[in-house]
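[1] prediction below, plus the sequence it came from.
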Amino acid sequence: MATKTVNQIMLERKLKVIVANYVAEGNDNYPTKQQVATINKNIESLGFTFSKEVIEALINTNVMDLPKFQSEIVSILRKMVGANVKFRPMYPNFPTQVMEMSDVELYLNAIIHYIDSIALMTPDPWLPEYPVEKRPKLKKGESLKVIRLGSYEEFDTIFKNLFNAKVSFSPSDKEDIEWFFNKEKFSFSMLPEKIANKENLAYIFGCMKEHDLLNSDTISKMVNTATDTLRLITAFSGGDVSLASNSKYKKFSRADRKLFLTALENAANIEEDMLKYKNKWIRVGEILHPGEYAERFPKAYTAFTKLRENEKISTFNGNVEKYFLGPNKTNLTKLLSTRPGEFARRLDRVLRSFDQPDSIIKAFAEVADKVSTTVLLQVREHFLNRWDRKYRVFMPKGNLSKAMLVENNLLSIPKSVCNKVVNVCDKALINSFSNLPKMGNVYIDETLKGCPIPFALRSASKTLRTVSRGTKIPLDKDGKVVKFFMHWKNIPAGGSHKNNDNWYYSNEDLEYDDHSSRVDIDLHAAFFDEDFNMKEHISYYNLRSATYQACHSGDITSAPKGASEFIDVNIASALKYGARYLVMNVASFTGQKFSDIPECFAGAMIRKDLNSGEIYEPKTVISKFDLTSETTSCVPIIFDLQEMTMIWCDMGISMDSITYNSYCGYGNNLHSQFTAIQAIGKAFTDIPKPNLYDLFTLHAKARKAKIVDDKAKANTVFSFNEGDVTPYDIDKIISEFL
């Protein structure tokens, strides 16, 4: 946390840098063009280049500041693409070496390594030694990512946007916000009048509390419900503000206890609201001691008593269910209209359960303008594609990035009825957006249809450039080879040894000396056809495929000094033999969660030539991401080789998704996870999601903009890589457009 800098945040979020202007009395303190060119040449090797504006700014800065600037920027960029470590694959002359080696040699090398690292528990396990052959240099022509000039005003806007975000913070957001408070850059003017997302509200207030910036007046203005109060209690305890998992609550001062009870007393429907998280509230009650303040906070005391003694509490949901069982839709729609968000979420069920859809839609239309933008967009997309879906996908709330896929067996609703619901949502959204400033001419890139709106960021991994899950990133059509890479280290002595109780052995079984705990991370690639039938796979138990011209760099089972695995895939061969989708899977064979491993990341490269460049070439990295989720397996990316797009998934696979079979033993591997991997693949390639193209089009209609086909004629450009708003501008999207 302490080492983070302004430019690190700017580079990671905006691919921009801030350069301090310098005015000297003479010209002696200005750098030469050669010095600036040297810095640019250094970052070119990592796949980046400065824009004209950055170069001009550097020429006008103090030459004494240049070495520090270069050191900082190069260090940040190296970490962003993974070039900050030394990659140590088993076979240094991969891929040719693996493809040409005999089965006997591959087998014996693997056996000796396994015996040394697992059976003998050798601190530095045996690896085969081969002379490193000279490799042909990487051919020129790789595109460079342009780093543009930023400003301190733009930097502050990042945090203003985050504070105003309509969706939950990602772990990276929280990390940056915590840094922001630690650097004492926060001011109350940055807070909006209302923080729409209640999880974010709790987290921000938790940071403010830690820095003595929070007062009771601020809390009373924004904490309005019992669940808001529970999130605040959780934030003050350093717990999960999504409330999806259990948190340990700390003991609070008397002043804080009164603060929480006051918030409860002033909230409406607290008994029903507290019932949603009954067990959490019972544990909180043991800390708040509401009985001590029964006379001062009678409503809160009564609610705690009812929860503890299991007294019946009448609820909105209970009343809704009664009406669903009866024939009278009028009473149901009247009740749902009192909570428009609940009406929106239940609209499909209401339409399936009763005749006369027009009166139901009319009732919903009367309250649609009170439904949040995020819910309206999701309802709109649901009814827009309800007829065409083979499956439905659910992403459970919480810090684990998991997806559930089910067949779409919902009862039919006429398409004309679905269209009427879409029209209601469109009208409500346009009315909401019409309050924003006019936009003039706008250009909206068609590729944004493949970019889902960033709703689910809560468990998002830190990546080279963050985008929403499901985003289809266009790749260079001249790409010939996909190269997956992965790097990790063992857990050092005194490090995390959290045990996964669902796994088949404990971490104590893995400790082979006094210095570290063995970690075995495996890299897999699965080839699927159009219907997601597996055609081939590359893994530690199938290192190569002559047909698909794909191979693995060798299975390393312990990494005391760091280890790496690679997989190469010839795109043309994969397509020739019927594969369309290439799925990357990373699994912790030794059972530790990624969050417990001190250093673990993976990524992908695209090469335009089959046989040029080093095994790892930072210039060719198109995606690099830290593996930090609380899972033991994940599907980070899927390649659509036919369309030449990379689909960002970032989905974890939980232990209950893993089935053990005899295909290759008893372990956490590609085949034991096949059902989950296949479901994730179908979910991210077949399921339509609310997309940025539709969102920006609705804004254009609402804000009296003219949509033009020429970027040069547009006042605002919505595009994939370059423009006023791109899919990478997540802080701006979740603040200004939702």
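    Received the coordinates, thanks. Small disclaimer: the values here were computed from a predicted structure and weren't measured.

[2] how about the helix ranked longest in the chain: buried residues?
    In the chain, assigned by DSSP state H, the helix with the most residues is helix 415-433. For helix 415-433, burial by neighbour count (16 or more other C-beta atoms under 10 Å) applies to 417-418, 420-422, 424-426, 428-429, 432-433. All C-beta atoms are positioned from the backbone trio N, CA, C, and that covers glycine.

[3] same thing with stretch 163-179?
    Quick answer for stretch 163-179 (16+ other C-beta under 10 Å): 163-174, 176-179.

[4] ok, now stretch 104-113?
    Applying 16+ other C-beta under 10 Å to stretch 104-113 flags 106, 109-110, 113 as buried.

[5] end to end on stretch 38-57, go ahead and measure it.
    15 Å (C-alpha to C-alpha, to the nearest Å).

[6] now it: buried residues?
    Buried, per 16+ other C-beta under 10 Å, within stretch 38-57: 39-40, 43, 46-50, 54-55, 57.

[7] so which of these are in helices?
    Among these, DSSP H puts 39-40, 43, 54-55, 57 in helices.

[8] burial measure for Leu376, as a count.
    If you count neighbours by other C-beta atoms under 10 Å, Leu376 ends up with 24.

[9] how about Gly578?
    14.

[10] helix, strand or coil for it?
    Put simply, Gly578 is coil when judged by DSSP: H, G, I helix; E, B strand; the rest coil.

[11] so what's it up against?
    529, 535 (C-beta atoms under 8 Å, 6 or more residues apart in numbering).

[12] is it fair to say Ser564 lies in a helix?
    No: per three-state DSSP, Ser564 lies outside any helix segment and is strand.

[13] distance of the closest residue to it other than its chain neighbours relative to Ala714?
    Nearest non-adjacent residue to Ser564, counting by C-beta to C-beta, 6 or more residues apart in numbering: Phe87, 4.1 Å away. Note on Phe87: its distance to Ala714, by C-beta to C-beta, to the nearest Å, is 43 Å.

[14] okay, the two: which has more neighbours?
    Ala714 (22 against 19).

[15] please identify the helix or strand for the nearest residue to that one once chain neighbours are set aside.
    Nearest residue to Ala714 in three dimensions, chain neighbours excluded: Tyr443, at 3.8 Å (C-beta to C-beta, 6+ apart). Secondary structure from DSSP states H and E places Tyr443 in strand 441-444.

[16] what does that strand contact?
    Strand 441-444 is contacted by residues 693, 696-697, 700, 705-711, 713-719, 723 when judged by C-beta under 8 Å, 6+ apart.

[17] let's see 10 Å
    Residues outside strand 441-444 that contact it (C-beta atoms under 10 Å, 6 or more residues apart in numbering): 692-697, 699-700, 703, 705-719, 723-725.

[18] among those residues, which lie within helices?
    Judged by DSSP H, helices contain the following of the contacts of strand 441-444: 692-697, 699-700.

[19] and those, which is closest to Ile556?
    Closest approach between the ones in helices among the contacts of strand 441-444 and Ile556, by C-beta to C-beta: Leu692, at 40.1 Å.

[20] gap between the closest one and Thr628?
    Taking C-beta to C-beta, one finds Leu692 at 26 Å from Thr628.

[21] more neighbours: which of these two?
    Per other C-beta under 10 Å, whichever of Leu692 and Thr628 has more neighbours is Leu692, with 26 against 18.

[22] pretty sure Pro192 contacts Ser735?
    Yes: using C-beta atoms under 10 Å, Pro192 is in contact with Ser735, at 8.9 Å.

[23] so between the two, which is more surrounded?
    Using other C-beta under 10 Å as the criterion, Pro192 and Ser735 rank with Ser735 on top: 21 against 13.

[24] and the pLDDT at that one?
    Looking at Ser735, its pLDDT is 93.

[25] same deal with Lys139?
    For Lys139, the predicted pLDDT is 80.

[26] count the neighbours of it for me.
    Lys139 has 12 nearby residues by other C-beta under 10 Å.

[27] does it count as helix, strand or coil?
    coil.

[28] ok, now which ones touch it?
    Lys139 touches 607-609, 611-613, counting by C-beta under 10 Å, 6+ apart.

[29] same question for Pro92.
    127-133, 135, 553-554, 615.

[30] kindly recompute the last result at 7 Å.
    Counting by C-beta atoms under 7 Å, 6 or more residues apart in numbering, Pro92 touches 130, 132.

[31] is it in a helix, a strand, or coil?
    coil.

[32] just to revisit the earlier point, got any residues that touch both of Pro192 and Ser735?
    Common neighbours of Pro192 and Ser735 (C-beta under 7 Å, 6+ apart) are Asn164.

[33] distance of the most centrally placed residue in the chain relative to Asp686?
    Central residue of the chain (C-alpha atoms, centre = their mean): Ala460, 1.9 Å from the mean position. Going from Ala460 to Asp686 by C-beta to C-beta gives 22 Å.

[34] pLDDT score for the residue nearest to Asp256 when sequence neighbours are not counted?
    With sequence-adjacent residues excluded and distances taken as C-beta to C-beta, 6+ apart, Asp256 is closest to Phe236, at 7.0 Å. With respect to pLDDT, Phe236 has a value of 94.

[35] before we move on, what about the one 4 residues further on?
    Each residue has a pLDDT score; the one for Asp240 is 92.

[36] and Pro171, by the same measure?
    88.

[37] swap in Lys258?
    94.

[38] can I see the domain layout of this structure?
    197-308, 316-433, 441-452+691-736, 472-686 (automatic domain parsing).

[39] mind checking the ones you listed for the one nearest to Leu77?
    Proximity to Leu77, assessed across those by C-beta to C-beta, is greatest for domain 472-686 (8.4 Å).

[40] and the end-to-end length of the closest one?
    12 Å.

[41] flag every buried residue along the helix or strand that contains Ile282.
    For Ile282, the host element (DSSP H and E) is helix 278-288. For helix 278-288, the neighbour count (16+ other C-beta under 10 Å) marks 280-281, 284-285, 288 as buried.

[42] possible to save these as a markdown table with pLDDT and distance to Glu100?
    As requested, those are exported to a markdown table (pLDDT from 0 to 100; distance: C-beta to C-beta, whole Å):
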| residue | pLDDT | distance to Glu100 |
| --- | --- | --- |
| Lys280 | 95 | 60 |
| Trp281 | 96 | 65 |
| Val284 | 95 | 64 |
| Gly285 | 95 | 69 |
| Leu288 | 95 | 69 |
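
[43] list just the nearest of the residues you listed to Arg518.
    Taking the buried residues of helix 278-288 together and measuring to Arg518 by C-beta to C-beta, the closest member is Lys280, at 37.0 Å.

[44] tell me the pLDDT at the nearest residue to that closest one once chain neighbours are set aside?
    Residue nearest to Lys280 in three dimensions, not counting chain neighbours: Leu230, with 6.3 Å by C-beta to C-beta, 6+ apart. Note for Leu230: predicted pLDDT of 97.
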